[in-house]
Every structure is written in C-alpha cells, then in structure tokens.
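Chemist: Can you look at this prediction? I've put the sequence above it.
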Amino acid sequence: MDLPSRLRQAYEQHGAFVCRSLRYLGSAEADLDDLVQEVFLVVCKRLDDYEEKGRARAWLYSICTRIVHAHLRKAKRWRASTPLSEQELPAQLEEPVDRAALALGWKLLHQLPQEQREVFVLYEVEDMPMSEVAQALDCPLQTAYSRLYKARERILAEVRRLPAESKP
Amino acid sequence: MTDQDPARLKSRGETPAELVNALQALGRDRDAARLARVAQRLGSSLANGPSATSWLRSASGAKLLTGLVIGAGAAGLIGYALLSAKVQDEQATQPSARSAEAAAHPLAPPGPGPTADARAPSAAPMAADPRDLGSASVPTRSSVPAPVRTSDRKDRGRGGDASTSEFGPAAPPRPRTKALSSSPPTGVARTPTSPAAPRPARPSAPEPQPVPPRPTREPVELPAQRQAPSRPSEVALLHQARRLAVGDPQRALTVLNEHAERFPNGLLVPERELLVIEVLRRLDRNAEADQRVRRFEARYPGSLHLRRLERAGSTADDR
C-alpha cells in the first residue's frame, strides 16, 4: 500500500505544525493526541486533495480548525488551554530550544484574541505568506492583514510592558 | 501577493530581542514524544482500514446518548399526540355524550357535567403545546409522528435495529386507542389509561438491550466486506470460537490462537480477549484468566466489557 507511506511523509513533514496549530486553536494538552490523530485520519482519507493543492499547510490548518471546533462543540465547553509554564515544557521537546523564550512566547500569544492569534502565529511563527494565511483561515486577505497589525501592536505593547528581570 | 507582505517581526532590526527569540522558539517547538506516540496509534488504526476503530468507538457513546434522547422525545411526542387526540375526540363527543347521558339519566345531569368541565380546561393547554412544537398539529395523529421516528432510529445505526423492533409493537396501541376514543361513550373512561400504557414499555425496553449483542454486531459488517477472503474472516473465526466455547473450550482456544496470529491488530481484539478469558475460566486455568483480565484492564481502561468481566469473575469465584 502506498497510502501509509504518503501519509507518513505528510506526517513527518507537517506533524509538528499540526500539533502546534491545534494547540493555538484552543485544544487542551490532554486532547492533543486524539486530535492530531483525527487530523491525520482525515488527511489519509483525502490524500489526493493534499497532493493537488500545493498549499498543504493551509489545507492542513483548515482541517485542524474544523476538527478542533467539532471537538469543542462536542465537549460543550472550552477546556481552557493555558500557556505551558517553563517547567512543563522541557520533557516534550526534541530540539534544543530556548525554554524561557518559548514560555514567554506562549504567554504573549495568550494575550491575543483567538482571531488575531491565528493570523499572528501563521505569519510570524510559521512563516506562511499572507495569501496562504488568508486561505487557511478562510477570510479575505485584507481581514487577515488588519488582524495581523492589531496583533503586532498588542504583542509589542506586551513586550514593552515586560518587567525588567525577564529581559535578558 | 507574497512580495507585498510586510517584513516579519523576526527579521526586523527594531524588534525587541526577547520577542525575536520567543518567535523563533515557538517555530521550533516540536513535540517529538507526542508525535511518535500518535504515529504509533495512527499506524494501528490504519492497519484496520482508514475509517476503522477510533471513530466508531468515540462515536458510539454519543450515538447511544442521542438515541436515548430521541427515544425520550419520541415518547413525549406520542403522549402529546395521544392526549391531543383524546381532547379533540372528547370535544367532538362531549355534546353527544352529554345528550346521550342526559337522555339515559334525566335525573343525574350534575354528575357528568362538572367532571367534563374540569377536564376541558386541563386538557386545553395540553392540546396547545404540541401545536407549538409544530409536529402534532395535524389532526391525523398516528400517521405523522410514527414514520419520522422509525426513520430516525434507523439513521442512528446501533440504536436502530434493536429499538425499531421496540417501536414496532409500540405502534399498534395508537390505532387501538384511536378506535376506542372515537367510539363516543367509552372515550371518557379510557383517557388516563391509554397514554400510560405505551410509556412503561419504552423506558424499560431499551435498557437491557444495549450491552450484549451490539459490540459484535456493529463491526461485523466492516471487516467482512473488506477482507472477504477464502479463509474464514475475522468475524467468522470469532463466531466459530464462540460456538465451540461451551462444548469444546480446548478447540475454541486453538481457534482463538489462530485468530490472534492472523489478526494481531484486528477490529475485534477486545471481543477476542474477552472470549479467551471466558474459555480459560471454563478450562479452570484461572490464573491465566486473571492475568489476562489485568492486561485487558490496562489496555482498554473504561471498556464496557470490563463490567462483564467483573461479573464473570465474581460468579467464577463464587463457584
């Protein structure tokens, strides 16, 4: 079967992205395993779409959105995803990452409203071009831009407000 | 479009250093342990076909619930429909009943008079409610709700086959009460009994149903269609073992072993494990059985089968 090998390729390439996106979309840590699996089961069913569309990540992101929303609807409540503290992070990570920086990043992202956070993350963290961001979020390009600018303002203001001791 | 994009914060000189670091760290966040874990689960669920286990399992609870809710709603609707039918019949028959009674007992009109009056106001809101719901407003009460309900039930998969058969016998009472209430003189006496009659049948009936036959019945279709080889399918093997379990547990065990070899990640692994435990108990190999129970608990925490296992275990201990 060539299906699993193609799936594996998608998984290796974008698994971490899916994982991060689900988190930013509001999934709780406890549900993440299930949701990542669900996303890739959908991917497996529609692998042909995946190859046709060049913008795999935008497509994956829209699947993530649908899955998270369906999940949250089913759960009838938001299991609030709280920013992981620095102590919670280390065990999970593969690459050497500046943990303090990561925790700070989480904290900053949680200051943003969901819509702005999505644009901000996809553009500033995931390095998607804006047109792809708009596609992933299924919103007009101009809307994506305005959300991005608002998010930036807010994040920069937060960074400026940081207490002196947390600055390097 | 891409060239119109503003420069990213990370690559802009004036961005505070800690923000740049944070953004870079976020982008490198790769949860390897989780990815490996999920990859394994994905692999095993894909081995059984892309749409196999996890979705069915997670969906079954919700299906059961919605089935119950719909059942309760249906019971309520039937009650409403019956009541409103009764009221209409009564309203239609009241004058004639009164006149008939007045003719029969010219000396005792005060008796039936007040009761009929007392009934009318209490029944009126009942008749209004279903109209608000929009479903029972059609006066032909038996024809409207019934087909909706059965088709709903069929759509519900698991709940369908068992509970439609529950609904089959529930349907006859309706025409019967209709016939009764449309015959003028008896309508008064039947009102309290007839809506109560179908009700107890419904809540009590679905409860014993869900546990035993369903887990095996539902997955049966899937692997049978997919594998359909000349050798016995996963389901057929399990059926064979189940038939043998009582009369010839030893042979049942060999069949189960074959099943385990051929379908290590099959859809019916929990069912197989359950049967193995049962057979081991029959063979008085209780230590092995207990060990398997423990393994089962570890592998399928919260499984519905566990309750059955506990029951089987306790009865075995009693013996």
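Modeler: That came through, no problem.
Chemist: Low-confidence bits of chain B, can you list those?
Modeler: Along chain B, the model assigns pLDDT under 70 to residues B:1-3, B:47-230, B:310-319.
Chemist: Which helix or which strand is home to A:Ser27?
Modeler: Using DSSP states H and E, A:Ser27 sits within no helix or strand.
Chemist: Enumerate every residue touching A:Arg20.
Modeler: Residues counted as contacts of A:Arg20 (CB atoms under 8 Å, 6 or more residues apart in numbering or on different chains) are A:Val121, A:Val125, A:Glu126, B:Leu26, B:Asp29. For glycine as for every other residue, the C-beta is placed from the backbone atoms N, C-alpha and C.
Chemist: Quick check on the residues you listed: which are buried?
Modeler: Neighbour counting over the contacts of A:Arg20 (16 or more other CB atoms under 10 Å in any protein chain shown) leaves A:Val121, A:Val125, A:Glu126, B:Leu26, B:Asp29 as the buried ones.
Chemist: Now go through these and say which are in strands.
Modeler: Nothing among the buried ones among the contacts of A:Arg20 maps onto strands, per DSSP state E.
Chemist: Export these as a markdown table, with columns for distance to A:Arg66.
Modeler: Below are those laid out as a markdown table (distance: CB to CB, whole Å):
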| residue | distance to A:Arg66 |
| --- | --- |
| A:Val121 | 18 |
| A:Val125 | 21 |
| A:Glu126 | 18 |
| B:Leu26 | 23 |
| B:Asp29 | 23 |
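Chemist: Which single one of these is nearest to A:Val42?
Modeler: Distance to A:Val42 across those (CB to CB) is lowest for A:Glu126, with 19.8 Å.
Chemist: B:Asp29 is in contact with that closest one, correct?
Modeler: No. The pair A:Glu126 / B:Asp29 is not scored as a contact, 10.9 Å apart, by CB atoms under 8 Å.
Chemist: the helices in chain A, which residues?
Modeler: A:3-24, A:29-45, A:47-52, A:56-75, A:99-109, A:114-120, A:130-137, A:141-161 (DSSP state H).
Chemist: in chain A, what spans have low per-residue confidence?
Modeler: Along chain A, the parts satisfying pLDDT under 70 run over A:1-4, A:49-54, A:75-97, A:164-168.
Chemist: separation between the most centrally placed residue in it and A:Leu137?
Modeler: Centroid check for chain A by CA atoms, centre = their mean gives A:Ser21 as the closest residue, at 1.9 Å. The gap separating A:Ser21 from A:Leu137 is 11 Å, by CB to CB, to the nearest Å.
Chemist: swap in B:Arg308?
Modeler: From B:Arg308 across to A:Leu137, the span is 48 Å (CB to CB).
Chemist: now do A:Leu148
Modeler: Distance of A:Leu148 to A:Leu137, given as CB to CB: 11 Å.
Chemist: Mind listing what's buried along stretch B:257-271?
Modeler: B:His259, B:Phe263, B:Gly266, B:Leu267, B:Leu268, B:Val269, B:Pro270, B:Glu271.
Chemist: Phi and psi next, for B:Val20.
Modeler: phi -60, psi -50 (degrees, to the nearest 10).
Chemist: With B:Arg308 instead?
Modeler: phi -60, psi -40.
Chemist: What is the neighbour count of it?
Modeler: A count of neighbours around B:Arg308, defined by other CB atoms under 10 Å in any protein chain shown, yields 16.
Chemist: okay, and the common contacts of A:Ser21 and A:Leu137?
Modeler: Counting by CB under 8 Å, 6+ apart, the residues touching both A:Ser21 and A:Leu137 are A:Tyr61.
Chemist: OK, contacts around A:Arg117?
Modeler: Here A:Arg117 is in contact with A:Tyr24, A:Leu109, A:His110, A:Ala151 (criterion: CB under 8 Å, 6+ apart).
Chemist: closest to A:Arg46 among the contacts of A:Arg20?
Modeler: A:Glu126 (21.5 Å).
Chemist: Give me the phi and psi for the nearest residue to B:Val269 once chain neighbours are set aside.
Modeler: Using CB to CB, 6 or more residues apart in numbering or on different chains and skipping the chain neighbours, the partner closest in space to B:Val269 is B:Phe263 (7.4 Å). Backbone torsions for B:Phe263, taken as degrees, to the nearest 10, come to phi -130, psi 70.
Chemist: Against chain A, how distant is B:Phe263?
Modeler: Counting by CB to the nearest CB, to the nearest Å, the gap from B:Phe263 to chain A is 17 Å.
Chemist: so that residue touches B:Glu273, yeah?
Modeler: No. B:Phe263 lies out of contact with B:Glu273 (CB under 8 Å); the separation is 12.0 Å.
Chemist: picking that back up, list just the one of the helices of chain A that sits closest to B:Arg285.
Modeler: Per CB to CB, nearest to B:Arg285 of those: helix A:29-45, 35.9 Å.
Chemist: and the angle for that closest one with helix A:56-75?
Modeler: 130 degrees (axes from the mean of the first three to the mean of the last three CA atoms, to 10 degrees).
Chemist: and helix A:29-45 with chain B, contact?
Modeler: Yes. Interface with chain B: helix A:29-45 contributes A:Leu32, A:Asp33, A:Asp34, A:Val36, A:Gln37, A:Glu38, A:Phe40, A:Leu41, A:Cys44, A:Lys45 (CB under 8 Å from any CB of the partner chain).
Chemist: Burial check on residue 24, number of neighbours?
Modeler: No chain specified, so I'll use chain A. Around A:Tyr24 there are 24 other residues, counting by other CB under 10 Å.
Chemist: Correction: the question concerned chain B.
Modeler: Residues near B:Gln24, counting by other CB under 10 Å: 17.
Chemist: Repeat that for the one 10 residues further on.
Modeler: Taking other CB under 10 Å as the neighbour definition, B:Arg34 ends up with a count of 17.
Chemist: cool, A:Pro113 as well?
Modeler: 11.
Chemist: same deal with A:Asp138?
Modeler: 10.
Chemist: same thing with B:Arg8?
Modeler: 14.
Chemist: Find the nearest non-adjacent residue to it, please.
Modeler: Closest to B:Arg8 by CB to CB, 6+ apart is A:Glu124, at 5.7 Å.
Chemist: Test my guess that the one you found contacts B:Ala7.
Modeler: No. Assessed by CB under 8 Å, A:Glu124 is found out of contact with B:Ala7, at 10.6 Å.
Chemist: What is the burial count for A:Arg99?
Modeler: Other residues lying near A:Arg99 total 17 when counted by other CB under 10 Å.
Chemist: who's in contact with B:Val246?
Modeler: Neighbouring residues of B:Val246 by CB under 8 Å, 6+ apart: B:Arg282.
Chemist: secondary structure element for it?
Modeler: Applying DSSP H and E, one finds B:Val246 within helix B:234-247.
Chemist: in that helix, what counts as buried?
Modeler: Buried residues in helix B:234-247, counting neighbours by 16+ other CB under 10 Å, are found at B:Glu234, B:Val235, B:Leu237, B:Leu238, B:Gln240, B:Ala241, B:Arg242, B:Leu244, B:Ala245.
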